[in-house]
Structures are given as structure tokens and as C-alpha cells.
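In: Got a sequence here, can you model it:
(2 chains)
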Amino acid sequence: MQSNPMQLLFEKSISGKTAFQLPESEVPNYLESNKIPGRRATLPELPELSEIDLVRHYTNLSNRNHGVDTGFYPLGSCTMKYNPKINEDLANLPDFTTLHPLAPEHTAQGSLGLIYELENYLAALTGMDHFTLQPVAGAHGELTALLMVKAYHQSKGESNRNKVLVPASAHGTNPASAAMAGFETVIVKCNQHGLVDLEHLKSLLDQNVAALMLTNPNTLGLFETEISEIAQLVHAAGGLLYYDGANLNAVMGLVRPGDMGFDLVHLNLHKTFATPHGGGGPGAGPVGAKAFLAPFLPIPIVIKEQDNFKLDYARPQSIGKVSSFYGNFSVLIKALAYIHSLGAAGLTQVSRDAILNANYLRVKLKESYLLPHDRPCMHEFVLSATNLKEYKIRALDVAKRLLDFGIHPPTIYFPLIVEEALMIEPTETEDLATLDEFIAIMEQIAKEAAQNPELLHQAPQNTPVGRLDEALAARSPKLRWKPE
Amino acid sequence: MKHPYLPLTDSQRAMMLQQIGISNFSELLTEIPNEVLLKESLALPEPKCEMELIEYFKGLAEQNQPCKLSFLGAGAYQHYIPSLVNHLAGRAEFYTAYTPYQPEISQGMLQAIYEYQSLIAELFSLPIANASLYDGATALAEAVLMATKETRLQRVLIPSSLHPNYLAVLKTYTKNLNLELITLPAKDGLIDTDALEKLLQTKTAAVVLQNPNFYGIIEDLPALIPLIKAAQAVPICMVHPLSLGILESPGKLGAEIVVGEGQPLGLSLSYGGAYLGLMATSERFLRRIPGRLVGETVDHHSKRAYVLTLQTREQHIRREKATSNICSNEALCALRAAIYLATLGPTGLQVVAERAYNNAHYLQEQLALAGFPLLYQAPFFMEFAIKTPRPASYYLEKLLPKGIIPGYDLSQALPNQEDSLLIAATEVFSCAELDRLVQEMRCL
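Out: Purely as a prediction, here's the structure:
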């Protein structure tokens, strides 16, 4: 990575430069003769640069960014697996990229068919009956599913059901989505094994419960062993069981949410199905539902009539639309390509290798860090750095030291139920040599913590910038460039 | 099992099990109760190698027949995407990264987002722009939620000339939140100012303005916004970003929240996504704006650097009290938009907007001469609705076999408008292509 500070686009701007051209106009100019309300007097101050300036600028920026293609990225709960190159090529086929979302249906049969096919495969994988691909992110899927939960209870005349139960270990999006859908969130405690506290759950289940949101395996990477009983309890109380599919990478071909009693599920195609995270997006958050909830899915739904695919809007109980068109179609192409590449056996092997890699790291790393829940994990596990407290070393220091070795740190300080948490998800796309190197580095860092803690406090040293003053950024926010 | 995406070999797998201290993989699954274990194999396709994948997806893509000469718009537009946008946004260091939680190794994406925020803030003339939302529709819904929370009022005026899909998403988002969405009527395709004044006599949280509106018509923002401000309601403007090459930035006219669909800024049509929600606000909404924000700071050597900031607004910190549930956004689309805007620069922005304006006005003039008058006599930007002597579907059916989509049949969105087409003419068309549409329409 290059280390000299970089100027901003605006600071490189030189008046008169350009990187854009159009052919000469062949039509008359109407701008002077027509009256235009609110016409602008001066142009916005966008940067003026030539093509080579832009190419160098963004190439240099990319050199200051760590991605899966750069190195190991064991960021827990984020499933930073390899993003196949061919999928990028397929999503860029011109007949996909140039199709307008309002194109007549018979000119869009390829794209509609692709949506239909992917919905079916996701249903098969999860044991659900129907899917919508309209939500464009995991949290967007959660919101969609919770709006369906609301509509379902309302359709039964049970508008009183305003509580959504969320385990203490849940992703932050769960309670936030519940609030956006108009629910009140109630926290379910975890027991000493990090799993749902069944007795506490029972005490919360009443006639006002709309749903329980559950990640399984949970954010500790542990499988909810009492899932069947949980499902039975929630259903007996008239509630629905919702599967947060953030951790689906652990269970493909092994168990299906539908078979565990879940009524609704959202998936993150940008995690399990290898579509790139894009530095924060675009993702895709499809929602699957059991048949009795299908009437509430967003419109439109793709249906097949004889050999033709159509968009069906005539669904009176639908919650409506959740995004402008049909979802992040370019992401859906990549997910379908991934499923076709691996097939049933391959996807099962994906989950098996993800579990194997995580357990290999778990067993090796518990020698130098604390492992609060010492039992077989699924695709991820959570260490605690509390054993380094005596040297005044925190999880943050371990994370920052990893940067010096070109490794993206694990998720830290999450889940909230583990002190000084380091949440590690290697994924199946890492080979043994990478895992062994990571183990060696983690062991070295634990030793450094005891012998030379200052090294960790000063880390990272080998990156374009050192530790940042995050308090300053929040105290006096500077969110845009302005001329001096 | 061997597969290019799975680097472990069978002998490595066996060795790792041994190191873990077990002899069989199934011992790692003992926590899964037997009754839920999947007994049959998944109903999925057979694995395909790369050559087979290409063949399969080319086959799927060929079942699409995108028309070369398409005048469809209505929320998604065909604009020219300079080659460098694909090349630069296609750098894997950007697209294979997660949200930049570790700033020391993510300065590339953080600076790119900071520059994106700066470009959008400048374009909209407002101090704060976020790092992106999902798309135009959800950006508008979030804007309405933000304005009602800030004002602690429930009443929002929505123009009848708003894009129907944006209205649909807004309704879905607000359904359970006790908000009151009141229709602001239009007269001759424009917001009815008298009706607005009357409706503003009741305390109102916000008024939504779409400019150009669904019919492509330019609303009189310099007249409307002061009325809204005088009533102490929040003016929310939804804009086509490229129209700002001609039109004044809404922020300068007093809009407090500006949102938009970012697709025209260097994103392909791709059957509706991935797109980009643009949002900028006044200072007042600093702690309410949804989504990521990147801010400038320094490292411990006082070197300038960028970092995600004001995260106490967000779900991973505030959980149910967060300003929104958004986590994943559209960062790579925002990167494309930034590269596109930087490629255009101020003069390029003006050139694109003016060319689209002139192309659309030439086409409209010629179509009027050919017997297709405007549906509404009002100033427009690059999209306009015409009256057709027969149902609009007739023209679509007749021209499709010739590889032409003459526009959007308005009856698809508005059942009472069956004899009108909404036509978008951007900068991509040559005069000959515009003449061709006129010629074909005249013959029908």
C-alpha cells in the first residue's frame, strides 16, 4: 500500500480540464427561447480533471483498500468469501445490463426467468415455499418480512400483536427493523451456553407476541440445540418464527430453516452466495415464506403461465412495494451463477468446509486466547481477549496489530454478550496455509501482548495511516470538501 | 470434492479433522438435533464448469430482447456511461471489500465515499450528504420518516404527480407508523399552488416535491418552496440529478432534504438494479440522517484521514433506537456515481443536461407536428407525455417488431391515462434516431 497522503479530486482540479465528450449536436438549441422555471445561474463546483488524472486517482485509492482479493478477511458474521470472477462477467452481459425495468414482459423473458429460477432454488435450499427477490439488503429483507408479519396478524384480526422478540446476541439490524415496521422489541436472554434462554422465552410468550427473530447458528456460531422446542412454543403462543439468514453459510445441505419450523427467512446473497460486498453494497436480501404467508409478499411476483413469465400485481393482501423495481437484479445474476457452479453437492461442501475451517481455527486459537463457549462451532466462533487484560491489551489492540500483517481483523466487540469479543469467520474459500499463517500470527500477537504491549498499542505501523482520532471526527464533523 | 472455489484437498480435510481431535466430520454436527437434519439431497441443478456457465447465462440473456431504440424512462434512464467508470469501479480492491470498519486499511473506499458525499452535497447545495441509500424510492421514504421525526408531526403532503412506484414504497414504509399522507393535487400536470396554500393551513411535517415530476414537467420550485417554508413544513425535493446541469440546486432554493435516484449517474439499467439512493440535508438533520457518513479526521501522526463517523445514529450501536435499520447500502454504486460526476465535471454536466433537453424538445416538436400533442402544456426537462389518438398500447405493439419502444404506456401506472405515452429522450440519441421515431409514429 502506498503511504503518502492523497489529495482529493477537488484539490487536483484545474479549470479547463475535461474527461468527457459528446458528438456534435444536430438538433436546434431550445434553451434560449424557452422559459425554464428555476434555471440555474452558475454551475456546481465539480472537479475538472482529464482522463489520466481520474484513472491514476482511483487506481491509487484502490491500492489503499483491503479486499478479499488482497488478503485474508475473517470478519465474523460477514462471510467474506471469494467472489468468483466469472460472475462479474455474466452480470455484465449486454442483454442483461441494457434491459429497462419497464420493458414489455415478452422482451424481458430472460431476466424474468432468471428471477423465477433463483426464487425456486432459494426455496429448495431453505425449505420455504415462495420467495421475493425485491429487498436489496439484509436489513431491507428483515423490514419486508416484519411488514408481512404485521399484515398477517392484522388479517387475522390480531392487531394487538405488537411485540417482536430478539435474542441478546442478535444483529443490531433485528431490533432496528422491528422498530421501523412499527413493533416494540423485547430482548430474550441467553443462557450460560450462549443459546436462547428457554425459561425466559416462555415468560415472554403471550398474546401480544408477533414473532421471534432468530439467527441459527447464532452470532456465537453455535447451533440452537432446542430449536424444535422453541418453534413449538412460539407457534403455540400464536407467534411466527423468523430466520435471519446472515449465517446460512453454515448449514447449506445440512439443515433447512423451513424444516426447523421457521415461517419466514431473509438471506444475504452478498454473504452466502458469493456476490461481492462492494465496500458496503449493493447486496440483496431475498425473503422466503411458507405458503400461508405468500399472499403478503411484496408486489410484483414473477409467475409462470405456460412457457411465459409474467409480473403479477393482482395480490390484494400484499404489503406493497419495498423498492423502485424488482430488486438488485445485477446481484441476483451473480447469486444464480454461484448456485449453478456448485450445485447441491458443492453447496453442501461449502458449508462443510466453512465449519471445518472455523473449528480448526477454534481448536488452535483457544491455546492463546479465551474461548468462552468451548464446544463445536458451526461456521464461526467468538474468542475473548480478556486473557490479555493484565497487559492492558484489548481486542481493539489485537485487531490493529493484525493490520500490520495484511490481515483484516475479526469482528470486534460483537456479539455484545461476550466481553472483548473477537468474532472469527474464516469461510470455506481459505486454504490451509492461510489458516496456519493466521494462527501463527495470532499466537505471536498474544506473545507480544505479554512481552511488548507498546507494540500493540502503537499498531498499526505498516498501513497508509495510523490509528485515527475518531472522537475528533464525531465532535466536529467534517463531512464534505469545501474550498478554503 | 474438487471445485475451483474450494481450496481444501481431501487429505487436508482429513488432517484437519485429526488436528481438531475427531475422526469424522459428522462429529462437528452433534449439536444439530437429529430430527431437523436434512435427510434428502437438495433439489438444485448439477454443477457447471465455467464454460458451461457462460453458455447457460448467454442462453438466458438471449431470451431478453432489449430494444436498441427505446424511449422508456419513468424512473430509469439510458445515459452514456464513459468507459473508465466500468474500469475503475471494477477494481477488485474496491468491490471485494466490506464496509470500511477498519479505516487504516480502507482509506481508498473511505476517501472515495467522502468525495462522493462532497460531490452530492455540492450538486444539491446542502451541507450534508450520506454515503448512499438503496434507491430513489427508499431514499424518499427515509426522507419522509426523518422529517416527521424531526418535526414530531404526522402530516405529509404528497403530490399526485409523484412517480407511482415511489408513492407505493412510501405507503409500504409508513403503513404502520400512524403517518397521514395527504394528496397534493396537480392542475394541468403541475402542483396546484392554491391547493398547496390551503393544505398548508393545517400544521404539516413536510411537503414532497418531485422535480421534474413523473410527467417530466419542471415544477416552479422558486415559488413553491417559500410557501412550504413559510408554513414551517420541511420541503423535501426529489430530483433527477442530471437535471441540475440546467436547473438550480434545490438546496439553494431552500429545500432542506434533497433525494434522488442515482441510476442516471453512471449505472446501467440492469432491469431495475442495483441502483442508488441519493440524499443530502441541511445541518438540522445531522443526527437524524440515515445510513453511513464518512468524516475527515487525522491519525496519530496528524496525517489527514477518513473514517465512518456519527455512528451513534446507526443500528449496530443504537439498535431499536437507530435512525434507520440500514446496514448494507449501495457503496459501489456510489463509487460509480462519483467517478461519473468527476468525469463530467461542471461543463460535462451542463452538456449532458442541455443535450438531453434539446433532444427531447426537438422530438416533442416533431411529434406534435405529426399529430401527437403534449398531454400537458408545461415546461419539461427531457421527458414528456403525449396524447395518442389510439390507446398507447397500440403504438407499442406496432413498433416493437421494428425494434422500437416509443415510450411508457401511462395506463400501466395510471389506469385513466390510456391514450398517452411518456417519452424520454436523453443525450444518447442522434437526430436521425429521433427522426426515425417520428417517422414510424406518423405512419401509424
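In: hmm, stretch A:225-240 in reach of chain B?
Out: Yes: on the criterion C-beta under 8 Å from any C-beta of the partner chain, stretch A:225-240 is in touch with chain B at A:225, A:227, A:228. All C-beta spots, glycine's among them, are computed from the backbone N, C-alpha and C.
In: Tell me which stretches of the stretch 101-250 of chain B form strands.
Out: Taking DSSP state E, counting those that start in this stretch as the criterion, the stretch 101-250 of chain B carries its strands at B:128-129, B:155-159, B:180-184, B:186-187, B:190-191, B:206-211, B:234-239.
In: Adjacent strands (with direction) for the first one?
Out: So that's strand B:128-129. Strand B:128-129 sits in its sheet next to strand B:277-281 (antiparallel), going by DSSP bridges.
In: Quick check: buried residues in stretch A:234-246?
Out: The neighbour-count check on stretch A:234-246 (16 or more other C-beta atoms under 10 Å in any protein chain shown) flags A:234, A:237, A:238, A:239, A:240, A:241, A:242, A:243, A:244, A:245, A:246 as buried.
In: Cross the residues you listed against strands and list the overlap.
Out: The members of those that map onto strands under DSSP state E are A:240, A:241, A:242, A:243, A:244, A:245.
In: Tell me how many other residues surround the closest residue to residue B:381 other than its chain neighbours.
Out: Using C-beta to C-beta, 6 or more residues apart in numbering or on different chains and skipping the chain neighbours, the partner closest in space to residue B:381 is residue B:212 (4.5 Å). Neighbour count for residue B:212, taken as other C-beta atoms under 10 Å in any protein chain shown: 22.
In: In contact with residue B:212, which residues?
Out: Neighbour list for residue B:212: B:218, B:219, B:240, B:243, B:380, B:381, B:382, B:383 [criterion: C-beta atoms under 8 Å, 6 or more residues apart in numbering or on different chains].
In: got a list of what residue 183 touches?
Out: In the absence of a named chain, chain A is used. For residue A:183, the contacting residues are A:146, A:150, A:162, A:163, A:164, A:210, by C-beta under 8 Å, 6+ apart.
In: That was the other one, I meant chain B.
Out: Neighbours of residue B:183 in contact, by C-beta under 8 Å, 6+ apart: B:157, B:158, B:159, B:160.
In: what number of residues lie near the residue of the stretch 201-350 of chain B found nearest chain A?
Out: Closest to chain A within the stretch 201-350 of chain B is residue B:272: 2.7 Å, counting by C-beta to the nearest C-beta. Residue B:272: 26 surrounding residues under other C-beta under 10 Å.
In: Looks like it contacts residue A:321 (just checking).
Out: No: here residue B:272 does not reach residue A:321: they are 11.3 Å apart, not a contact under C-beta atoms under 8 Å.
In: which residue sits closest to residue B:309 in space, ignoring its chain neighbours?
Out: Of all residues not flanking residue B:309 in the chain, residue B:295 sits nearest, at 3.7 Å (C-beta to C-beta, 6+ apart).
In: give me the beta-bridge partners of the one you found?
Out: Residues in beta-bridge contact with residue B:295 (DSSP bridges): residue B:307.
In: Now do the same contact list for it.
Out: Listed by C-beta under 8 Å, 6+ apart, the contact partners of residue B:295 are A:473, A:474, A:477, A:478, A:479, B:114, B:306, B:307, B:308, B:309, B:310.
In: of all those residues, which two lie farthest apart?
Out: A:474 and B:114 (14.9 Å; C-beta to C-beta).
In: Now for residue B:370, how many residues are close by?
Out: Neighbour count for residue B:370, taken as other C-beta under 10 Å: 17.
In: Kindly report the same for the one 3 residues further on.
Out: Neighbour count for residue B:373, taken as other C-beta under 10 Å: 13.
In: which ones are touching it?
Out: Contact analysis of residue B:373 by C-beta under 8 Å, 6+ apart lists B:386, B:387.
In: try 10 Å
Out: Counting by C-beta atoms under 10 Å, 6 or more residues apart in numbering or on different chains, residue B:373 touches B:364, B:367, B:386, B:387, B:388.
In: for residue 378, helix, strand, or coil?
Out: You didn't pick a chain, so chain A it is. Here residue A:378 is recorded as coil under DSSP: H, G, I helix; E, B strand; the rest coil.
In: Switch to chain B, please.
Out: coil.
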